[in-house]
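Undergrad: this is the structure alone, sequence omitted:
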């Protein structure tokens with residue numbers, strides 16, 4: 001498959017508007033402005049584009065809710081708060097292809113009737129902030145942003161807003177709270193942001209990768225776009241592969257590519273000739289899969305049938321030398337630290353899970369700890385304001401399901417079974 005999202009990023013000047021224009025940049029914005037907003041939404045619907053942030057919600061359906069709301073102004077927010085451990089797929093778009101995102105946002109803003117856009121950027125991406133601000137300035141100078149885009153009397157203004165490093169702000173309502181200047185905590189839903197979002201106005205929050213697909217949807221049309229990928233999940237997908245592989249990196253592949261193919265064909269297989277032990281298919285917020293469960297299509301519909309989720313597409317690979325108890329413990333330290341504290345099951349539950357796993361990892365596990373882990377995870381799951389609690393619980397449940405023997409050995413031997421001592 002030819003690269004669509006990562007096209008031209010090997011060019012050292014790819015972030016410059018002059019280079020973007022040479023490759024046909026902003027032509028699709030001009031093409032989109034000749035259409036009616038409803039026609040753009042319809043093409044996006046035909047394309048079958050789903051949100052690339054993790055949930056995989058149909059983009060056109062989300063847009064139609066906001067577009068139909070009579071309230072103005074409307075806001076378009078790009079979620080560039082890439083805080084999921086193992087996830088770095090949006091970074092090359094932000095740093096090396098910023099005009100693709102800007103063009104996608106301008107098209108989306110026109111389709112939605114949104115005159116104001118924000119890129120909510122991860123606090124740990126200072127270089128991306130500089131690149132984006134420079135690219136936005138260039139887009140204003142060329143009249144691709146502003147009060148009268150390409151002389152069409154269409155208005156769209158774009159601003160970069162840098163977050164403060166909170167993982168919870170990847171959740172759209174917590175992101176909106178932070179954008180408004182408050183502490184990043186998720187809101188109760190309903191109402192949903194499409195009707196009552198930023199400043200209680202209709203707001204669409206889409207991921208960097210999602211919005212970057214829009215120029216290509218306009219270029220080839222929804223029907224042609226829908227022929228890429230799998231039947232129910234179309235288009236290209238960015239997979240970021242890390243861990244025990246020969247060639248870690250970001251790979252642009254058709255949606256539905258097998259997890260096994262990603263690991264062995266594209267990322268070069270397991271490093272140093274070792275055996276595969278386990279994989280997080282979509283970041284640590286997705287249930288872990290053992291080596292014999294990796295022959296599965298990586299898309300939003302198929303992955304739940306195989307016991308996990310696509311998530312952000314962050315493939316974290318672990319070989320036979322990795323201690324799964326330590327992996328679970330480290331992950332729960334992260335979830336405990338990043339819990340915003342708003343709801344009791346997550347605030348208290350992640351702390352409990354971390355403490356139990358810490359005991360087991362350090363040789364102080366007790367009989368009944370596995371059952372206790374399972375009970376605490378059950379209490380958390382499905383009872384929190386946002387998916388953070390579910391992610392922590394799901395990780396523990398999958399560890400018990402597939403690596404219970406390793407946890408039992410830790411408790412029985414009072415030490416890490418992978419220890420060289």
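TA: All right, it came through fine. These numbers come from a predicted model, not from an experiment.
Undergrad: packing partners of the lengthiest strand in the chain?
TA: Scanning the chain for the strand with the most residues, using DSSP state E, yields strand 236-243. With contacts defined as 3 or more C-beta pairs under 8 Å, 6 or more residues apart in numbering; DSSP states H and E, strand 236-243 has these neighbours: strand 249-254, strand 314-319. Every C-beta, even on glycine, is put in place using the N, C-alpha and C of the backbone.
Undergrad: can you tell me the SS state at the residue nearest to the spatial centre of the chain?
TA: Central residue check for the chain by C-alpha atoms, centre = their mean: the C-alpha nearest the mean position is that of residue 53, 3.1 Å away. Remark: residue 53 carries the secondary structure label coil [criterion: DSSP: H, G, I helix; E, B strand; the rest coil].
Undergrad: equivalent analysis for residue 42, please.
TA: Classification of residue 42 into helix, strand or coil gives helix, according to three-state DSSP.
Undergrad: show me what the helix of greatest length in the chain is packed against.
TA: Longest helix in the chain, counting residues (DSSP state H): helix 387-413. Under the contact criterion of 3+ C-beta pairs under 8 Å, 6+ apart, the helices and strands touching helix 387-413 comprise strand 289-290, helix 324-338, helix 344-361, helix 369-380.
Undergrad: how about low-confidence regions in the stretch 51-200 of the chain?
TA: Screening the stretch 51-200 of the chain residue by residue with the criterion pLDDT under 70, one finds no matching range.
Undergrad: which stretches of it form helices?
TA: With DSSP state H, counting those that start in this stretch as the criterion, the stretch 51-200 of the chain has helices at 59-68, 91-96, 98-112, 126-141, 172-179.
Undergrad: for these, which one ends up most surrounded?
TA: For those, the stretch with the most neighbours on average is helix 98-112, a mean of 27; neighbours defined as mean count of other C-beta atoms under 10 Å.
Undergrad: angle of that one against helix 59-68?
TA: 50 degrees (axes from the mean of the first three to the mean of the last three C-alpha atoms, to 10 degrees).
Undergrad: give me the angle between helix 98-112 and helix 126-141.
TA: Using the same axes, to 10 degrees: helix 98-112 against helix 126-141 is 60 degrees.
Undergrad: one step back: dump the helices and strands packed on strand 236-243 into CSV; add distance to residue 387 and mean pLDDT as well.
TA: As requested, the helices and strands packed on strand 236-243 are arranged in CSV below (distance: least, C-beta to C-beta, whole Å; pLDDT from 0 to 100):
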stretch, distance to residue 387, mean pLDDT
strand 249-254, 24, 98
strand 314-319, 15, 98
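Undergrad: quick one: closest of those to residue 41.
TA: Comparing these by their distance to residue 41 (C-beta to C-beta), the top pick is strand 249-254, with 23.9 Å.
Undergrad: after the closest one comes which helix or strand?
TA: helix 259-261 (DSSP states H and E).
Undergrad: tell me which residues in that next one are buried?
TA: Neighbour-count burial for helix 259-261, counted by 16 or more other C-beta atoms under 10 Å, picks out 259-260.
Undergrad: what's that helix in contact with?
TA: The set of residues that contact helix 259-261 without belonging to it, under C-beta atoms under 8 Å, 6 or more residues apart in numbering, is 279, 281, 289, 294-298, 315.
Undergrad: doesn't residue 85 make contact with residue 284?
TA: Yes. Applying C-beta atoms under 8 Å, one finds residue 284 in contact with residue 85, separated by 4.9 Å.
Undergrad: overlap in contacts, these two.
TA: Any residue near both residue 284 and residue 85 by C-beta under 8 Å, 6+ apart counts here, and that gives 316, 331, 334.
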